[in-house]
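Chemist: build me a structure from this.
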Amino acid sequence: MSLLRAAVLPQFPRSIRLLSQSVSSQPEPSTSAIPPSTRAQYPYFVPRNTQGNLPVYTDVRNNGGRYHILLRNVDGNVNVLAKELTSSLFPKGSEEASRIKIEINRSKHLVISGGRWKNHVVEWLNEKGF
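Modeler: Model prediction:
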């Protein structure tokens with residue numbers, strides 16, 4: 001049986017690793033698209049959730065009559081983030097800029113009301129590098 005086995009199975013030298021034994025010598029790529037050295041520093045940070053998305057959610061109440069955007073788990077100075085959102089999300093003097101209202105809940109969450117602006121908020125955060 002050993003002659004048959006030697007003829008059928010290939011012999012690998014001991015220095016060669018099989019695919020299941022391979023070790024990656026390459027460093028893993030960073031999960032962030034922007035290197036940390038070029039990332040702008042702000043007094044707040046918006047971490048991504050476990051799926052890798054920004055924590056921006058919608059809350060529709062009263063059968064669509066009340067529409068809120070929730071920005072959750074903000075680290076750092078939430079007041080500065082709220083002021084920057086109100087001043088730079090929409091151009092000054094526009095109708096959207098006059099309707100936007102931002103509340104701070106539990107010192108980590110923002111509630112944005114006044115319109116359906118979830119995509120605008122996500123784009124704004126992406127432009128900031130989050």
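Chemist: shaky segments in this protein?
Modeler: 1-40 (pLDDT under 70).
Chemist: where exactly do the helices run in it?
Modeler: 2-8, 78-88, 95-99, 118-128 (DSSP state H).
Chemist: pull out the buried positions in the second one.
Modeler: If I follow you right, that is helix 78-88. Of all the residues in helix 78-88, those buried under the rule 16 or more other CB atoms under 10 Å are 78, 81-82, 85. For the C-beta atoms, the positions are set from N, CA and C on the backbone; glycine is no exception.
Chemist: what angle separates it from helix 118-128?
Modeler: 110 degrees (axes from the mean of the first three to the mean of the last three CA atoms, to 10 degrees).
Chemist: ok, residue 113 touching residue 66?
Modeler: Yes - counting by CB atoms under 8 Å, residue 66 is a contact partner of residue 113 at 7.5 Å.
Chemist: the more surrounded of the two?
Modeler: Ranked by neighbour count (other CB atoms under 10 Å), residue 113 and residue 66 place residue 113 first, with 15 against 10.
Chemist: in TSV, list the buried residues of helix 78-88 along with distance to residue 61.
Modeler: As requested, the buried residues of helix 78-88 are exported to TSV (distance: CB to CB, whole Å):
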residue	distance to residue 61
78	23
81	24
82	21
85	21
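Chemist: next, the buried residues of stretch 113-127.
Modeler: So for stretch 113-127, counting by 16+ other CB under 10 Å, buried means 114, 117-118, 120-122, 124-125.
Chemist: go on, stretch 66-79?
Modeler: Quick answer for stretch 66-79 (16+ other CB under 10 Å): 67-72, 74, 78.
Chemist: show me which of those residues is closest to residue 54.
Modeler: For the buried residues of stretch 66-79, the minimum distance to residue 54 (CB to CB) is 8.3 Å, reached by residue 71.
Chemist: who touches the nearest residue to the closest one once chain neighbours are set aside in this structure?
Modeler: Distances taken as CB to CB, 6 or more residues apart in numbering place residue 110 nearest to residue 71, at 4.1 Å, with adjacent residues excluded. By CB atoms under 8 Å, 6 or more residues apart in numbering, residue 110 lies in contact with 70-71, 74, 78, 81-82, 85, 102-104.
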